[in-house]
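> my questions concern the predicted model and sequence given below.
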Amino acid sequence: MFIIWGFRDLDKELGNVEYLHCNRCNNDSTWRLMKRTSWFTLFFIPVIPYHRVYYVYCPICRWSTKVPKEEAKRIMEKN
Ligand SMILES: [Zn+2]
């Protein structure tokens, strides 16, 4: 019997951050908070999450920067 396993990253939008200026694309817009969870998969189904990071990103050019979990929590509480 074959066991097919692997790894996969899944992103989840968590809400708005603030109206910010992006130094990359030079636009002002409401940045978004995103959670990226890395999963161990079995037969292509995510079964065990092993790593989680939070990002804020510019919705226009998708440039992102990591934020610590505490900061992500603070942003979510404001939403
Ligand atoms: Zn941008």
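Looks like it arrived, so ask away.
> identify the residues contacting the lowest-mean-pLDDT helix or strand in the chain?
The weakest-scoring helix or strand in the chain, judged by mean pLDDT, DSSP states H and E, is helix 69-78 (a mean of 92). Residues outside helix 69-78 that contact it (Cβ atoms under 8 Å, 6 or more residues apart in numbering) are 14-15, 17, 33, 35, 52, 54, 56, 67. Backbone N, C-alpha and C define where each C-beta goes, glycine included.
> okay, now the unreliable bits of the protein?
The model of the chain has no residue with pLDDT under 70.
> write out the residues of it neighbouring the ion.
Counting by Cβ under 5 Å from the ion, the chain comes close to the ion at 22, 24-25, 58, 60-61, 63.
> for PyMOL, what selects the buried ones among these?
The buried residues among these can be selected in PyMOL (16 or more other Cβ atoms under 10 Å) with this line:
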select buried, resi 22+58
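> got the residues of the chain next to the ion as CSV, with secondary structure and distance to residue 73 columns?
As requested, those are arranged in CSV below (DSSP: H, G, I helix; E, B strand; the rest coil; distance: Cβ to Cβ, whole Å):
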residue, secondary structure, distance to residue 73
22, coil, 23
24, coil, 26
25, coil, 28
58, coil, 21
60, coil, 26
61, coil, 26
63, coil, 23
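> nearest to the ion, of the contacts of helix 69-78?
residue 56 (11.4 Å; Cβ to the ion).
> what residues sit buried inside stretch 35-53?
Per 16+ other Cβ under 10 Å, stretch 35-53 contains these buried residues: 35, 39, 46.
> now stretch 15-22
Going by neighbour count (16+ other Cβ under 10 Å), the buried part of stretch 15-22 is 17, 22.
> run through who's touching it.
By Cβ under 8 Å, 6+ apart, the surrounding residues in contact with stretch 15-22 are 27-33, 56, 58, 60-61, 63, 75-76, 79.
> okay, now residue 29: neighbour count?
14 (other Cβ atoms under 10 Å).
> what are the buried residues along the least confident helix or strand of the chain?
72, 75.
> now residue 44, what are its backbone angles?
phi 70, psi 10 (degrees, to the nearest 10).
> pretty sure it contacts residue 3?
No - Residue 44 is not in contact with residue 3 according to Cβ atoms under 8 Å; the separation is 11.8 Å.
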